[in-house]
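Q: Got a predicted model here, sequence first, then my questions.
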Amino acid sequence: MTITWILVANASSAFLYTNRGPKQGLEKIRAYEHAASREKASDLVSDRPGHYKSAGNGHGAYIPPTDPKQNEAQQFALQLTRELEQGRNSNEFQRLILVAPPQFMGLINGNTGSALKGMVSDHFEKDYTKVDEKTLAGHLEGCIYL
């Protein structure tokens, strides 16, 4: 019997489902929330950018090298891939399906090791975090026998 994990995620929330075989349906095993990804960028930084003066009348402000919201999304993607790696290391699943919007899918793929990538059978670049399990099952029935 092949156990499949399905990660349905976006930058602020994620759900991990399992399918234990044909006609077993989906079972939600974990839910993740990342509230910082919903914050305004100005609320994520500690203070205003620093200022500098240059020769003559020139002056300006330092701009952070990365967008604070992008940084939070990266941290959440890293957290999720660590959870998936932990499940892989303890042999909790044999197959993985990833469902996330394109930008967040890129962050997940960037943090995924080659052993875990080898377990990914399908991926969908859609945001299905707000759909119920029945609707999600309908979207996944082409790649898994539910």
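A: Right, received. Where do you want to start?

Q: low-scoring pLDDT stretches of this protein, where are they?
A: By pLDDT under 70, the low-scoring segments of the chain are 36-66, 146.

Q: Do a quick rundown of the helices in it.
A: Chain-ordered helices for the chain, with DSSP state H as the definition, fall at 41-44, 68-89, 102-111, 114-117, 133-140.

Q: Tell me which other helices or strands the last one touches.
A: Contact here means 3 or more Cβ pairs under 8 Å, 6 or more residues apart in numbering; DSSP states H and E; on that basis helix 133-140 packs against strand 4-9, strand 95-99. In short, each C-beta sits where N, CA and C put it, glycine included.

Q: Buried residues of it, list them for me.
A: Buried residues in helix 133-140, counting neighbours by 16 or more other Cβ atoms under 10 Å, are found at L136, A137, L140.

Q: Which residue, neighbours along the chain excluded, lies closest to E33?
A: Nearest non-adjacent residue to E33, counting by Cβ to Cβ, 6 or more residues apart in numbering: S13, 5.4 Å away.

Q: isn't the one you found right up against H34?
A: Yes. At 6.9 Å, S13 counts as touching H34 under the criterion of Cβ atoms under 8 Å.

Q: before we move on, back to that, save the buried residues of helix 133-140 as TSV, and put in distance to T18 too.
A: Below are those laid out as TSV (distance: Cβ to Cβ, whole Å):
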residue	distance to T18
L136	13
A137	13
L140	12
